[in-house]
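Peer 1: Sequence below, structure please.
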Amino acid sequence: MKVVPHVPEGDNAERRSPTSFHDHDDDEDIVDISEQSHLATNRKGSTQALGNVSGVITNVHDPKTSKHPTPATAPPTPLAPEVNISSSSLRRPLDPPEVIIWLYICLAQNKNVPTCQPDVKLPLCNLTKRDVADIASGLHYNLTHEVNEEEAVETFLHCYPSMQELNLAYGDFMNSLIVVSSEILSDQQKWAKVKLFASAGLSLCDMITDVFMVVEYFVRKEDKYAWAILGCIIFNLTSQSILTFLQHRKNNRRRQLKEQVYVWTLMKPGVNAWRVASRSQKEKGAVVSAIELAMCKGLELVVESIPGTLIQLMAIMRSGWAETSKMAYFSFFSCILTSAFTSAIMSWDWDSSKVQRRFVPWFYGYIPSNSFGKVAVFTSLFTLSSFNLLTRAFACLLFYLKGGVQQVAIFLGGEFLLFLIVKVLQGDLWHWLPIYGIPGACISFFFRLMAKLLSDWTAVAQSRHPSDVGGAYFSFNLGLTVATGAFAALSYNVGDGEGGMEGSLSENSVLIFMAFVCLGTVVSYALLLLSMKKEYRYTFFSVKTGKQYTQEIFTMNSDSERKFKILSKNTHLWKKTIGVQVKSWIGEKLPVWIEEQPEWFNDEKMSLITDDMVEDPAMLVRLRTKNVQGILDQRRRSSVVEDMLQALNSDEGGNK
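Peer 2: Numbers count the residues shown, from 1 in each chain. Presented below is the predicted three-dimensional model:
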């Protein structure tokens, strides 16, 4: 028996007779949505009713969650292998209620994200099941590329005229799509939470094993290794403590003390993971953005994980493979695993950020949408970081055996000096943060050093950004790492030794191990390039500089809000080249903005316009309102650190 599915009607919905919903020639049965969901038969176009329809459809076709037997005649999964796309049932135009039902079926069962927005411009009356399946995949595409579900649904409706017709017919159709989109995104967040807690767990495990190794080295009278690892731990905890203080500096002392306890009892990674996973809101006075959290992770890699790997590898080589304890091996591989996983997560999170993909689509988006591609990219990022770190660490150890600390310092110092020379020749030495003078030079040096170390030792893919080391230099770094490792292994002799370590390694074992890690680095990078979206491969070899990228914020954007971001960047990067253009544009647009008061043109944005940008004194008076003047006064009184944090917080979708 065929029963008509009940879809609630809005006030403007077209009235149809029940028989009109299934006046067709094929014998396909329609699922009894009304009877199974117990929807009210009165006229109401509510979000709840439409949500019930989508929920029932999901349950009907999911034997694990369904409260009712799955009908044998239930509509097939859209675009499943067994579906005959050319069948009459898929080519028959659907009625509006059937379109809604089939749309929810597709959203519930076919969650593959297409590589581009499907183009379906047909009117509502001409839609077939295949068209609706394509439209549903379009919503999945929008959910991947927009910042939140509301904007995704708005873009979705804008792309498909037929969905606009449905929204007019059923007043709450848009709200129901937002509800369904929220459910889809909540399913996607499960993987994000797993990554989050795995990263926190590895960081905690690495810290605990380091503490055990400190105790073991003291017991074995190897005090220099114990003090070296202990120094790394204290440096890392101190850095976290300072960042935590800056984040909660405006809170009461009890709250500040509580946060410091989390840091020094090694609970901070787990606490942060829980707060993010449970979507806890930032408390008043917290100013740490996503960029700052990435900085914290990067700092942890630089001051603890990377030095810890070097120190423990040296201790293992000194003791000999056979004499090294299981705890020492476990701690060493924990350092490698933590560093590689953290590096891969940093690269993954930056590229999968909806904000970054929306505002910088040419750079972010190399991770494919399909499951196999995602696994391949993440595995490649992880193995690339692991092998790169092992290659660097082993090469430095061989240099140490050959010539002591002096030779290691010459190698690392010369490499960084080469990087600075390249930046100077490119006119790209200044960082984009708008801080000047000696403090600005120090901050620029700090960020250049951090980016170089992360690129050198853990191959964080984000460091290929033009504002960091750049794509071409990122790939050059990987090649230099492999070449350095090969040179160090080939120049090693059994007689080389420093501090009683001579003779602990045979030449053959050194060559075999170095060949293995160098080959692993090359293969991992090749797999990364092959598994990513091919249109993003050039970003790993791009010669675009941070200076060029910063200027393109103004020259390559037509949107006023996006162009205006140039004023929040260091003037050393753009004023000499396009300063006249920017000033002319400000003079042309400023009267319009002051009159129309667009939402984005707030007091903070007004304060970024310097006096020399405004030639009209009357316009300058109107620009310098009481609130704007207050912001300027506060900025003059603020510290360099506060200026840096403020600039980082306001850079969503900007230089990064």
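Peer 1: burial count for the closest residue to residue 423 other than its chain neighbours?
Peer 2: Counting by Cβ to Cβ, 6 or more residues apart in numbering, residue 423 lies nearest to residue 429, which is 4.7 Å off, once chain neighbours are set aside. Where you see a C-beta, it was placed from the backbone N, CA and C, and this is true even at glycine. Around residue 429 there are 19 other residues, counting by other Cβ atoms under 10 Å.
Peer 1: OK, contacts around residue 429?
Peer 2: The neighbours of residue 429, taking Cβ atoms under 8 Å, 6 or more residues apart in numbering as the test, are 420, 423, 444, 448.
Peer 1: Quick check, the second one in contact with residue 448.
Peer 2: Yes - under the criterion of Cβ atoms under 8 Å, residue 423 lies in contact with residue 448, with a separation of 6.8 Å.
Peer 1: Run through the stretch 51-200 of the chain and note the low-pLDDT ranges.
Peer 2: For the stretch 51-200 of the chain, residues meeting the criterion pLDDT under 70 lie at 51-91, 111, 146-148, 186-193, 195-196.
Peer 1: show me where it has strands.
Peer 2: Counting by DSSP state E, counting those that start in this stretch, the stretch 51-200 of the chain has no strands to list.
Peer 1: need the helices for it, in chain order.
Peer 2: Assigned by DSSP state H, counting those that start in this stretch, the stretch 51-200 of the chain shows helices spanning 88-91, 96-109, 129-145, 149-159, 161-169, 173-219.
Peer 1: Quick check: the gap between residue 446 and residue 303.
Peer 2: 13 Å (Cβ to Cβ, to the nearest Å).
Peer 1: Name the residue in those two with the higher neighbour count.
Peer 2: residue 303 (21 against 12).
Peer 1: tell me the contacts of the more buried one?
Peer 2: The contact partners of residue 303, by Cβ under 8 Å, 6+ apart, come to 232, 235, 236, 239.
Peer 1: Give me the subset of the residues you listed lying in helices.
Peer 2: Cross-referencing the contacts of residue 303 against helices under DSSP state H gives 232, 235, 236, 239.
Peer 1: Report the buried members of those residues.
Peer 2: Buried by 16 or more other Cβ atoms under 10 Å: 232, 236, 239, out of the ones in helices among the contacts of residue 303.
Peer 1: okay if I get the residues you listed as TSV plus distance to residue 575 and pLDDT?
Peer 2: Output for those, formatted as TSV (distance: Cβ to Cβ, whole Å; pLDDT from 0 to 100):
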residue	distance to residue 575	pLDDT
232	41	88
236	38	85
239	33	84
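Peer 1: and of these, the nearest to residue 109?
Peer 2: residue 236 (46.6 Å; Cβ to Cβ).
Peer 1: Nearest residue to that closest one in space, ignoring adjacent ones along the chain?
Peer 2: residue 304 (4.0 Å).
Peer 1: burial count for that neighbour?
Peer 2: Neighbour count of residue 304, defined by other Cβ under 10 Å: 26.
Peer 1: swap in residue 323?
Peer 2: 10.
Peer 1: mind starting the numbering at 36 from now?
Peer 2: I'll keep to 36 as the first residue from here, and by that count the last item is residue 358.
Peer 1: Can you classify residue 400 by secondary structure?
Peer 2: coil (DSSP: H, G, I helix; E, B strand; the rest coil).
Peer 1: what are the phi and psi values for it?
Peer 2: Torsion angles at residue 400 (phi, psi; degrees, to the nearest 10) stand at phi 130, psi 10.
Peer 1: OK, contacts around it?
Peer 2: Taking Cβ under 8 Å, 6+ apart, we find residue 400 in contact with 386, 392, 568, 571.
Peer 1: So, low pLDDT: which residues of this structure?
Peer 2: For the chain, applying pLDDT under 70 flags the ranges 36-126, 146, 181-183, 221-228, 230-231, 304-328, 355-357, 530-539, 674-678, 680-691.
Peer 1: And it, what are its domain boundaries?
Peer 2: Listed by automatic domain parsing, the domain ranges of the chain are 53-206, 396-579, 583-684.
Peer 1: Now render the ones you listed as CSV, adding distance to residue 299.
Peer 2: CSV is the format used below for these (distance: least, Cβ to Cβ, whole Å):
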stretch, distance to residue 299
domain 53-206, 36
domain 396-579, 24
domain 583-684, 21
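Peer 1: which one of those domains lies closest to residue 367?
Peer 2: domain 396-579 (9.8 Å).
Peer 1: Can you give me the first-to-last residue distance of the closest one?
Peer 2: 15 Å (Cα to Cα, to the nearest Å).
Peer 1: Stretch 436-450: how far from the chain's middle?
Peer 2: From the chain centre to the centre of stretch 436-450 is a distance of 35 Å (Cα atoms, centre = their mean, to the nearest Å).
Peer 1: Mind listing what's buried along it?
Peer 2: Residues of stretch 436-450 classed as buried by neighbour count (16+ other Cβ under 10 Å): 436, 437, 442, 443, 446.
Peer 1: helices and strands around the host helix or strand of the fourth one, which ones?
Peer 2: Secondary-structure assignment from DSSP states H and E places residue 443 in helix 406-461. Using 3 or more Cβ pairs under 8 Å, 6 or more residues apart in numbering; DSSP states H and E as the contact criterion, the neighbours of helix 406-461 among helices and strands are helix 341-354, helix 361-387, helix 472-493, helix 506-525, helix 542-566.
Peer 1: and the closest residue to residue 240 other than its chain neighbours, what does it touch?
Peer 2: Computed as Cβ to Cβ, 6+ apart, the closest residue to residue 240 that is not its neighbour in sequence is residue 369, at 5.8 Å. By Cβ under 8 Å, 6+ apart, the contact set of residue 369 is 237, 240, 241, 244.
Peer 1: since we're on residue 210, how many residues are nearby?
Peer 2: For residue 210, the count of nearby residues is 19 (other Cβ under 10 Å).
Peer 1: picking that back up, would you check which pair of the contacts of residue 464 lies furthest apart?
Peer 2: Spanning the widest gap among the contacts of residue 464 are 455 and 479, at 10.6 Å by Cβ to Cβ.
Peer 1: between these two, which one's more packed in?
Peer 2: More neighbours surround residue 479 than the other of residue 455 and residue 479, with 20 against 14 (other Cβ under 10 Å).
Peer 1: any idea how far that one lies from residue 470?
Peer 2: According to Cβ to Cβ, residue 479 and residue 470 sit 8 Å apart.
Peer 1: and if you look at residue 368?
Peer 2: Residue 368 sits 40 Å away from residue 470, taking Cβ to Cβ as the criterion.
Peer 1: Of these two, which one has the most company?
Peer 2: Applying other Cβ under 10 Å to residue 368 and residue 470 shows that residue 470 carries more neighbours, namely 20 against 14.
Peer 1: Name the helix or strand for the more buried one, please.
Peer 2: Here residue 470 is covered by no helix or strand, with elements defined by DSSP H and E.
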